[in-house]
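Engineer: Generate coordinates for the sequence data below:
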Amino acid sequence: GGGGEGEGEGLWPAWLRRPEGARVVANDGIDSIPGHLARTSAGGTFVRMDVDGFEWKAFESLTDDALAKIDILQVQLYLCQLLPEASPATGRARADELQRRVQLLERLPRTFGVVARAPAQGALFRSSSRSLLCAGDEKDKSVAISFVNLERLRAVRAAKSELADRLERATLPTLTSEACEGLDKDASNGDGALHHWCLKVLQDGVDRKEELNLVGLSYGIATWDDWAKRLAESYVIQTELFDCFATTSNSGATPSLEGWKVPTKRHDVCVSGHEKLDGSRRFEPLAAQLHGRGPRGTLLKMDVEGAEWEALGAVENEELQKVDLFDLQIYLCGGPLASGGEERARGLRERVEVLERLARIFYVVARAPEKGSLFRGKEDADLCGGGTRYPDTISMSYVNRQRFAEV
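Structural biologist: This next block holds a predicted model:
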């Protein structure tokens, strides 16, 4: 819209820096768009339209294959321009044309994602009555929308953001509090001690405590454990604590671990991928405790400062399926990843695969840090890159998918 050949700089959208060497085709008419796209290959075409209501004709003339050739589309939508007049005689035709324009818009999400919309206030678009569309002053208003081709975006991101995107999907919360019939968060203590328990599954386990031999296993405790304490005090569940660094012999008095309604059992053992001795410290695999457990009735917490990767990498899915609720803090960048290079890239991929395996067995109930922008849209170079670009420690609360379906 507007301008002619040679005035392309004025047409180039302000929100996008023009790439060096890009060719701009400017034309007053929209009839040229299908022909231009027919002569281009997929990718490399940006389209901007501000044509006072004629955009609907353009959309109607474009096939899905033609739309798929557009990388970025910015359009000013004049929903109410060039409509039949509002009158008893033309009311049906007006309604049909509005319906057609809505259907043309509904085609676009098959190819594009919406990057931005102006005005941005959602309340301006939500209404209980379609009679308000194009009524009164609304008829002269327009909406600006910026779209991006989703397939092209995925292809571009895959080259530099594959692991970051996979990590985001694997840790993204997938259950709401309502679906869980509420969450017990009282054992939580900041991002480093995230414990959001899905009450639908927890309460069913508590109701069948004796039958299931319900137990809570906590790995990594130091001299306090709010997770185990709440299970013992509020739900009267037997708990067992595992730590080979803070032991019964070297910790001295531990009043925060004593006097519970159900006394806990302490084990001077750490978790690992296999059984071993490191000096005086004893390590055992997670399967050592899970192997003898029934198909359900195990609650698990793990905060072991990087040892979780070896432990979770070694345990079989069959053993993890026995866990009803699982609270985990991961230390994404510790151990061999600190060295950088190929070893870092290989280690990151292995750790993402561990988290993807957990996401197939468990729903993610909560994640900390909670702020989604810390995870979304990142590149692989941001992972373990230092500074504040990406969290080095992440906490998740999980609930077993199969158990959630059963109860």
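Engineer: State the distance from the nearest residue to residue 266 once chain neighbours are set aside to residue 153.
Structural biologist: Leaving aside its chain neighbours, residue 266 sits nearest to residue 241 (5.0 Å; criterion: C-beta to C-beta, 6 or more residues apart in numbering). In this view, the C-beta of every residue, glycine as well, is placed from N, C-alpha and C. For residue 241, the distance to residue 153 (C-beta to C-beta, to the nearest Å) stands at 47 Å.
Engineer: Same check on residue 197?
Structural biologist: For residue 197, the distance to residue 153 - C-beta to C-beta - is 37 Å.
Engineer: picking up where we left off before, host element of the residue nearest to residue 266?
Structural biologist: Using DSSP states H and E, residue 241 sits in strand 238-242.
Engineer: Show which residues not belonging to that strand make contact with it.
Structural biologist: For strand 238-242, contacts defined as C-beta atoms under 8 Å, 6 or more residues apart in numbering pick out 214-221, 225, 228, 231-232, 257, 262, 264-267, 269-271, 289.
Engineer: Now do the buried residues in that strand.
Structural biologist: 238, 239, 241, 242 (16 or more other C-beta atoms under 10 Å).
Engineer: Which two of these have the greatest separation?
Structural biologist: For the buried residues of strand 238-242, the farthest-apart pair by C-beta to C-beta is 238 and 242; their separation is 14.0 Å.
Engineer: partner strands of the strand holding residue 241, parallel or antiparallel?
Structural biologist: In the sheet, strand 238-242 lines up against strand 215-219 (parallel), strand 265-267 (parallel) (DSSP bridges).
Engineer: right, so of these, which gets closest to residue 326?
Structural biologist: Nearest to residue 326 among these is strand 215-219; the distance by C-beta to C-beta comes to 10.0 Å.
Engineer: Report the angle between the helix or strand following the closest one and strand 238-242.
Structural biologist: Downstream of strand 215-219, the next assigned helix or strand under DSSP H and E is helix 226-234. Helix 226-234 and strand 238-242 meet at an angle of 160 degrees, taking axes from the mean of the first three to the mean of the last three C-alpha atoms, to 10 degrees as the criterion.
Engineer: Buried among the contacts of strand 238-242? Make that a ChimeraX selection.
Structural biologist: Buried subset of the contacts of strand 238-242, written as a ChimeraX selection, criterion 16+ other C-beta under 10 Å:
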select :214,215,216,217,218,219,220,221,225,228,231,232,257,262,264,266,267,269,270,271,289
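Engineer: Need the residues that contact stretch 269-282.
Structural biologist: 219, 242-245, 268, 283-286, 288, 302, 304, 307-308, 310-311, 313-314.
Engineer: Quick check: end-to-end length of it?
Structural biologist: 5 Å (C-alpha to C-alpha, to the nearest Å).
Engineer: Please apply the same query to stretch 250-267.
Structural biologist: For stretch 250-267, the first-to-last residue distance is 13 Å (C-alpha to C-alpha).
Engineer: Could I get the average pLDDT for it?
Structural biologist: Mean pLDDT, computed over stretch 250-267, is 92.
Engineer: Distance from it to the middle of the chain?
Structural biologist: Centroid separation for stretch 250-267 versus its chain: 38 Å, with C-alpha atoms, centre = their mean, to the nearest Å.
Engineer: helix or strand for residue 366, which one?
Structural biologist: Following DSSP H and E, one finds residue 366 within strand 362-368.
Engineer: low-confidence ranges in the stretch 151-300 of the chain?
Structural biologist: Low-confidence regions of the stretch 151-300 of the chain, defined here as pLDDT under 70, do not occur.
Engineer: Now do the contacts for the closest residue to residue 305 other than its chain neighbours.
Structural biologist: Spatially, and ignoring its direct neighbours in sequence, residue 305 is nearest to residue 331 (5.7 Å; C-beta to C-beta, 6+ apart). Residues near residue 331 by C-beta under 8 Å, 6+ apart: 305, 306, 308, 392, 393.
Engineer: Then residue 286?
Structural biologist: By C-beta under 8 Å, 6+ apart, the neighbours of residue 286 are 271, 311, 312, 314, 315, 319.
Engineer: Report the buried members of those.
Structural biologist: 271, 311, 312, 315, 319.
Engineer: Isn't the last one up against residue 288?
Structural biologist: No - in this structure, residue 319 is not within contact of residue 288 by C-beta atoms under 8 Å, at 10.0 Å.
Engineer: residues making contact with the strand holding residue 366?
Structural biologist: Applying C-beta under 8 Å, 6+ apart, the set of residues contacting strand 362-368 from outside is 171-175, 180, 183, 190-192, 194, 196-198, 323, 326, 394-401, 404.
Engineer: Show me which residues of it are buried.
Structural biologist: 362, 363, 364, 365, 366, 367, 368.
Engineer: and that strand, how far out from the chain's middle?
Structural biologist: Counting by C-alpha atoms, centre = their mean, strand 362-368 comes out at 10 Å from the chain centroid.
Engineer: Do a quick rundown of the helices in the stretch 151-300 of the chain.
Structural biologist: Counting by DSSP state H, counting those that start in this stretch, one finds helices in the stretch 151-300 of the chain at the ranges 199-207, 209-212, 226-234, 287-290.
Engineer: Using TSV, please lay out those together with distance to residue 124.
Structural biologist: Converted to TSV, the helices of the stretch 151-300 of the chain look like this (distance: least, C-beta to C-beta, whole Å):
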stretch	distance to residue 124
helix 199-207	37
helix 209-212	52
helix 226-234	45
helix 287-290	54
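Engineer: Of those helices, give the one that comes closest to residue 105.
Structural biologist: Closest approach to residue 105 among the helices of the stretch 151-300 of the chain (C-beta to C-beta): helix 199-207, 38.6 Å.
Engineer: Could you report the neighbour count for residue 345?
Structural biologist: 14 (other C-beta atoms under 10 Å).
Engineer: Name the SS class of it, please.
Structural biologist: Of the three states, residue 345 takes helix under DSSP: H, G, I helix; E, B strand; the rest coil.
Engineer: And the pLDDT for it?
Structural biologist: 86.
Engineer: any idea how far the most centrally placed residue in the chain is from residue 308?
Structural biologist: Centroid-nearest residue in the chain: residue 172, 3.3 Å away (criterion: C-alpha atoms, centre = their mean). Look at residue 172 and residue 308: by C-beta to C-beta, they are 19 Å apart.
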